[in-house]
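[1] With the sequence up front, the predicted model follows.
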Amino acid sequence: MPKPPFKLLLPGTRTTSVVFSSPHSGRDYPWAFLRKSVLDEMAVRSSEDAFVDLLFADAPTLGAPLLAATVPRAYVDLNRSADELDPALIEGVRKTAHNPRISSGLGVIPRVVANGRAIQSGKISLHEARARLDTHWHPYHARLQALLDESHAAFGEAILIDCHSMPHEAIDSITRIGHPRPEVVLGDRFGAAAHRDIIERIEAAFVSAGLKVGRNAPFAGAYITQHYGLPSRGQHAVQIEIDRSLYMNEQMIRPNGNFHGFRRLLAGVMAEIADIGRGDELPMAAE
């Protein structure tokens, strides 16, 4: 029987409309998948947002749930639409209009990991691709939407915090000489996915913790932020990208000496974010 595609950490009582989600921190690799891969263990793990689920594990103590993937991104990418199928990987899929994510091998069933390295040689069947989606993608998103619906029913609003990490070099191309290098990048689809007051308060929480923050470059938010960010309906989504070098050794894929200190710092940021979703502090959906 397949392992569950996620773990759900729930508070004793939901006291905030905020929901934390970590769709790329899964590390339960199916044995058959690893056997077919042409990559070694370290390479196949390079696409993980490693340990992000652990960084945000204090969410329940703040009255908020944390939904964290257990399925790895290299197996199913939960931050892609279910119809982003790659004809170069999946038999029987027809080419459609150009999609840069699919073309680069980063569809919902990825063809490559970080730095464009192919996961396996040959193709998989459409049956296998659909089985992965049915077993992992659909249950994750059904549970995520249910959590947001519960927040909306209880608080009149729902705020999704989509938690990710980024390679240290990911922002090299957008860092200008003489300007601070962002350590955290917030994505709200350039204002389309969340109310302005919410993104500003989230940014202020990180800044007050001493972190340098950028917005929407080079990460504005992918499928999850776009799909769930519906401010006109009182459902907001903000993607958070954290520089991995702040808490882990990227080459060895293990926590570094700063991990526990950074987790404590992040817990303070999370507390301020949770406060955004408490009762009448929320902005009106019609604004």
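    Structure received. Residues are numbered from 1 along each chain as shown.
[2] ranges for the helices of the chain?
    31-36, 41-44, 52-55, 100-103, 126-132, 138-155, 196-208, 223-228, 259-276 (DSSP state H).
[3] Other residues contacting the fourth one?
    Which is helix 100-103. 80, 84, 85, 86, 87, 107, 222 (Cβ atoms under 8 Å, 6 or more residues apart in numbering). (Glycine included, C-beta is placed from N, CA and C.)
[4] try 6 Å this time
    With contact meaning Cβ atoms under 6 Å, 6 or more residues apart in numbering, helix 100-103 is reached by 84, 86.
[5] before we move on, what about the fifth one?
    Residues external to helix 126-132 that are found in contact with it (Cβ under 6 Å, 6+ apart): 76, 90, 91, 92, 109.
[6] Equivalent analysis for the second one, please.
    When contacts are defined by Cβ under 6 Å, 6+ apart, helix 41-44 is touched by residues 37, 74.
[7] Check which residues of it are buried.
    Residues of helix 41-44 classed as buried: 43, 44 (neighbour count, 16 or more other Cβ atoms under 10 Å).
[8] same question, the last one
    Of the residues in helix 259-276, those buried under the neighbour-count criterion (16+ other Cβ under 10 Å) are 259, 262-263, 265-267, 269-276.
[9] What of stretch 83-93?
    Those would be 84, 85, 86, 89, 90, 93, for stretch 83-93 by 16+ other Cβ under 10 Å.
[10] how about those residues in a markdown table, adding distance to residue 208 and pLDDT?
    Formatted as a markdown table, these follow (distance: Cβ to Cβ, whole Å; pLDDT from 0 to 100):
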| residue | distance to residue 208 | pLDDT |
| --- | --- | --- |
| 84 | 37 | 96 |
| 85 | 43 | 96 |
| 86 | 42 | 95 |
| 89 | 44 | 96 |
| 90 | 46 | 96 |
| 93 | 47 | 92 |
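[11] Now flag whichever of the residues you listed is closest to residue 140.
    Distance ranking of the buried residues of stretch 83-93 against residue 140, using Cβ to Cβ, places residue 84 first at 15.1 Å.
[12] you'd agree that closest one is up against residue 107?
    Yes: the criterion here is Cβ atoms under 6 Å, and residue 84 meets it with residue 107 at 4.4 Å.
[13] Low-confidence stretches in the stretch 1-150 of the chain?
    For the stretch 1-150 of the chain, the stretches with pLDDT under 70 are 1-2.
[14] ok, which stretches of it are strands?
    6-9, 18-22, 66-69 (DSSP state E, counting those that start in this stretch).
[15] Any chance of the ones you listed in TSV with distance to residue 201 and mean neighbour count as columns?
    Below are the strands of the stretch 1-150 of the chain laid out as TSV (distance: least, Cβ to Cβ, whole Å; neighbours: other Cβ atoms under 10 Å):
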stretch	distance to residue 201	mean neighbour count
strand 6-9	23	18
strand 18-22	11	28
strand 66-69	20	26
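[16] Quick one, which of those strands gets closest to residue 138.
    strand 6-9 (11.6 Å).
[17] How about residue 115, nearest residue that isn't a chain neighbour?
    residue 46 (7.3 Å; Cβ to Cβ, 6 or more residues apart in numbering).
[18] wait, that neighbour sits on residue 113?
    Yes: Residue 46 is in contact with residue 113 according to Cβ under 6 Å; the separation is 5.0 Å.
[19] Just the endpoints, please. Distance across stretch 120-134?
    One end of stretch 120-134 to the other measures 22 Å (Cα to Cα, to the nearest Å).
[20] Pull the distance from it to the chain's centre.
    Computed by Cα atoms, centre = their mean, to the nearest Å, the chain-centroid distance of stretch 120-134 equals 22 Å.
[21] likewise stretch 15-29?
    On Cα atoms, centre = their mean, the centre of stretch 15-29 falls 7 Å from the chain's centre.
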